[in-house]
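Novice: dropping the sequence and predicted coords here.
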Amino acid sequence: MLVRQLGLFDSTMIMVGIVIGSGIFVVTGIMASSIPSLSLMLVAWIAGGLFTLAGAFTYAELGAAMPKAGGQYVYLREAFGDLTAFLFGWVTFFVYLSGGIAGLAAAFAEYFGRFAPSLSTGRTLVSFDLSIMGFALPYSLSAGQLVGVAVIALLSAVNYIRVSFGSGLQNVLTVIKIGTLLALVAGGFVLGNVSDIDLAINPTGASTGALLTGFGLALVAVFWAFDGWNNVTYVAGEIRQPGRNIPRTLILGAVCVSGLYILVNLAYFSALGLEEMAGVVTIAEKATSALLGDSAGALVAAAVVISIFGAINGSIIVGPRVYYAMARDGLFFKRVAEVSQKNGTPGFAILAQAIWTSVIVMTGTFDQILTFTMFVAIAFWILAAGAVFVLRRKQPDLPRPYRAWGYPVVPAVFILASAGVMVSILVERPLESFAGIALTAIGLPAYFFWKRRAKTAVPENKDT
């Protein structure tokens, strides 16, 4: 049985640490290439923050009412049944969260390679063609991929030993990244030209259509930068005083991340003009160099390495709790439900995640996986938010220590905003969206297999 040992600070640092990965260091430059307006870029970040806060208010009711391992998996199961919950867990394990960890590991290796070129993703160790059914598939293995696997193995081992080890490391890493961002903000406001920021809505005279299209693309990028805010619910079974701390974690985390993101962007605006930012992926480094000189860019690269390391650790903490909950319901391998009596962690679930994520890193397919699954991931956000409405009717007597602020308007706004992003992704990337649906559908035969195999389902994890 999992033990409640995470306090409010621990859980909030896990949430903030997962969300703040590499996005805030790169997204603004990408946005500037599609929307020629600092004010509209700022509006997009504010909208992303409000969207996340609306989601936090919504999930807070569910988390406080059902503070169990697996979080969103449990909400979906209680509202819509085992099949919906299983498909969420299926996508989470095989593609979404594992692909996200793999992508972060690759990004870590990319930045780490600046300090150790011999270990970068640019150094190819092996390259050859695989012959599969008469087709030649090129494969190459870089030193950076091995670095990514090593990081996953290291952090998985830390989280296997003790929950307190993983959360303690997460606290340190998240405090460092928050401090780094605040230092960047201070530098922007003290050394930058805050008063010269041009907040005109359309300074370049672009057409209304171009502005609207650019704003839509900017929103998708912003929502990606906020992705992961809901993952802290996966460890709800280990949070102390969950009726109070889960809502506080979600709301405090959303406010903290939103505030930091907005302030950091104002710092970028004070250091660089719109034309200087457009298309610059290393926007944080360029802004810091403009404020403090070229030598400061290396400091930002180091900060990004630490930030990504923390995001990987946070994701490794939360993911296994979903698979653990699935196994407890008889819908996954039985051993995944085991908790180490010595360590108090779902050790086999952590090991399974580490192995599969490492496979994804070695194949180098994480970019495609993330593209395929973002559409489906948002669909599960919508379903989980809809669970608030369903469960108020289905289980009216369920104890609810916290009720969603602004119900039913705030949850409905969150659902509509999520649907809007889904439509945007579907229009911009229809093939990838349908591929994501297909990947989810592959889970159907697996679900019926597990259902048949589970002759006597293990009772749901009521105390975790």
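Specialist: In hand now; what should we look at? Only a predicted model underlies this, so the values are computations on that prediction, with no experimental measurement involved.
Novice: for Trp45, give me its contacts.
Specialist: Residues near Trp45 by C-beta atoms under 8 Å, 6 or more residues apart in numbering: Val222, Ser258, Tyr261, Ile262, Asn265. C-beta coordinates here come from the backbone N, C-alpha and C atoms, glycine included.
Novice: that one and Thr52, how far apart?
Specialist: Distance of Trp45 to Thr52, computed by C-beta to C-beta, to the nearest Å: 11 Å.
Novice: quickly list what's touching both of the two.
Specialist: Taking C-beta under 8 Å, 6+ apart as the criterion, Trp45 and Thr52 both touch Ser258.
Novice: any low-confidence regions in this protein?
Specialist: Low-confidence segments of the chain, defined by pLDDT under 70, span residues 195, 365-371, 455-464.
Novice: ok, and the closest non-adjacent residue to the spatially most central residue of it?
Specialist: Note on the chain: the residue nearest the mean C-alpha position is Gly228, at 2.7 Å, using C-alpha atoms, centre = their mean. Once flanking residues are discounted, Gly228 sits nearest to Ile18: 4.2 Å by C-beta to C-beta, 6 or more residues apart in numbering.
Novice: what's the following helix or strand after the helix or strand that contains that neighbour?
Specialist: Assigning secondary structure by DSSP states H and E places Ile18 in helix 8-19. With elements assigned by DSSP H and E, the helix or strand that comes after helix 8-19 is helix 23-32.
Novice: helices and strands around that following helix, which ones?
Specialist: Packing partners of helix 23-32 (3 or more C-beta pairs under 8 Å, 6 or more residues apart in numbering; DSSP states H and E): helix 38-65, helix 208-226, helix 242-271, helix 274-277, helix 283-292, helix 297-328.
Novice: next, the angle from that helix to helix 242-271.
Specialist: Relative orientation of helix 23-32 versus helix 242-271 (axes from the mean of the first three to the mean of the last three C-alpha atoms, to 10 degrees): 50 degrees.
Novice: helix 23-32 vs helix 38-65, what angle?
Specialist: Using the same axes, to 10 degrees: helix 23-32 against helix 38-65 is 140 degrees.
Novice: what angle sits between helix 23-32 and helix 297-328?
Specialist: Here helix 23-32 points in a direction 110 degrees away from that of helix 297-328 (the same axes, to 10 degrees).
Novice: could I get helix 23-32 in CSV with only the CA atoms?
Specialist: Provided in CSV are the C-alpha atoms of helix 23-32 (Å, rounded to 0.1, in the frame of the first residue of the first chain):
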residue,chain,number,x,y,z
GLY,A,23,8.9,25.3,-23.1
ILE,A,24,9.3,28.8,-21.5
PHE,A,25,12.9,28.9,-22.7
VAL,A,26,11.9,28.3,-26.4
VAL,A,27,8.2,29.0,-27.1
THR,A,28,8.2,32.8,-27.2
GLY,A,29,10.6,32.9,-30.1
ILE,A,30,8.4,30.4,-32.0
MET,A,31,5.3,32.5,-31.3
ALA,A,32,7.0,35.7,-32.5
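Novice: can you check what angle separates that helix from helix 208-226?
Specialist: Using the same axes, to 10 degrees: helix 23-32 against helix 208-226 is 170 degrees.
Novice: so Val388: helix, strand or coil?
Specialist: Recorded secondary structure, Val388: helix (DSSP: H, G, I helix; E, B strand; the rest coil).
Novice: check which element follows the helix or strand hosting Leu416 along the chain.
Specialist: Leu416 belongs to helix 409-428 when elements are defined using DSSP H and E. Proceeding N to C from helix 409-428, the next assigned helix or strand is helix 430-441, under DSSP H and E.
Novice: ok, which of the helices and strands packed on helix 23-32 comes nearest Ser140?
Specialist: helix 297-328 (22.5 Å; C-beta to C-beta).
Novice: circling back: of the contacts of Trp45 - the most surrounded one?
Specialist: In terms of neighbours by other C-beta atoms under 10 Å, the contacts of Trp45 top out with Val222 at 27 neighbours.
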